[in-house]
Structures are given as structure tokens and as C-alpha cells.
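Participant: Got a predicted model here, sequence first, then my questions.
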Amino acid sequence: MADKKIKSPIKKKNLISSLLKNTTLGGGIGVQDTEHETIPSAEFNITKGKTTVGASVAKGFSKVDKQNINSQLGFSVTREGDASSVGVEGIKSGKSKYLGLTFSKKFNKGGQVTGDNYIKDLI
């Protein structure tokens, strides 16, 4: 029997472009240089819809001696709504660990009362 290749209706190029549609990729690199150590770092984040996922890494190198300097790993997830957002962040450096929760809420009603609105509120 002859092996027949099955053609996929989705081409690889179309698959990648459809997965990355409405997606934002970001990141950066940096180097902190002091008299005792040099710390290169990198971060990456991806946003799809209202969700952002990020990761970061940093590793220090001693200039003075061969002392091991702990690396730092970070991870975060944030979900944004129309008037609110919530996020979780975690960082590990050596034996130290950090876990944080962030949130925000936007209030559209209320605020400062001025002029005619002040008089109407009194009546």
C-alpha cells in the first residue's frame, strides 16, 4: 500500500498567525554593574486578550571572589477587566520566596461635587 500524505486544511504559517492574532509580546534585558558584582537580567511577557503572563530571571556574578550569588526567578499572571484587575506574582531567590497578590478596582460614580450639582444635592 502506498502511504498517502494527508493535507491539513491549516498551513503552519496560518496557524502561527492565527495563534498570535491580538497578542502582544514584550521583554527586555539589563545589566546592573557595581564594584562588587555584575547582575545581568532578562524579562519576557505575553498579553493575549485581557491576560498577561510574565517571567523574569537575574543572575549575579561576583567580581571580588568566586562566591556563589543567588539567581532570581520571577513569574506573574495578571487578568484585567473593564473596571478591575487582579494579579499574582511569585519570586524565588536562593532559599527566599515571595508571593504577592495585586488588585485594583475603578469606580465610575461619585467624586467631587461642584457648582450646580452641589446646590441640587442640597435641595
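Facilitator: Sure thing, it's come through.
Participant: Once you drop chain neighbours, what's closest to the residue sitting nearest the centre point of the chain?
Facilitator: Nearest to the mean C-alpha position of the chain, counting by CA atoms, centre = their mean, stands Gly54 at 3.3 Å. Of all residues not flanking Gly54 in the chain, Asn45 sits nearest, at 3.7 Å (CB to CB, 6 or more residues apart in numbering). Where C-beta positions appear, they are placed from N, C-alpha and C, glycine not excepted.
Participant: Equivalent analysis for Glu35, please.
Facilitator: In space, Glu35 is closest to Lys63, 7.3 Å off (CB to CB, 6+ apart).
Participant: Report the contact partners of Gly28.
Facilitator: For Gly28, the contact set (CB atoms under 8 Å, 6 or more residues apart in numbering) comprises 42-43.
Participant: ah, wrong one, I meant Ser76
Facilitator: The contact partners of Ser76, by CB under 8 Å, 6+ apart, come to 45, 52-55, 87-90.
Participant: how about the helix or strand hosting it: buried residues?
Facilitator: When elements are assigned from DSSP states H and E, Ser76 belongs to strand 68-80. Neighbour counts over strand 68-80 (16 or more other CB atoms under 10 Å) mark 69, 72, 74, 76, 78 as buried.
Participant: hey, C-alpha coordinates of that strand in PDB?
Facilitator: Listed next in PDB are the C-alpha coordinates belonging to strand 68-80 (Å, rounded to 0.1, in the frame of the first residue of the first chain):
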ATOM      1  CA  ASN A  68      28.100  32.000  44.500                       C
ATOM      2  CA  ILE A  69      25.500  34.700  44.200                       C
ATOM      3  CA  ASN A  70      21.900  33.500  44.200                       C
ATOM      4  CA  SER A  71      19.900  33.800  41.000                       C
ATOM      5  CA  GLN A  72      16.400  35.300  41.000                       C
ATOM      6  CA  LEU A  73      13.400  33.800  39.100                       C
ATOM      7  CA  GLY A  74      10.100  35.600  38.800                       C
ATOM      8  CA  PHE A  75       6.700  34.700  37.400                       C
ATOM      9  CA  SER A  76       3.500  36.800  37.200                       C
ATOM     10  CA  VAL A  77      -0.100  36.500  35.800                       C
ATOM     11  CA  THR A  78      -2.500  39.400  35.600                       C
ATOM     12  CA  ARG A  79      -6.100  39.400  34.400                       C
ATOM     13  CA  GLU A  80      -7.700  42.800  33.500                       C
END
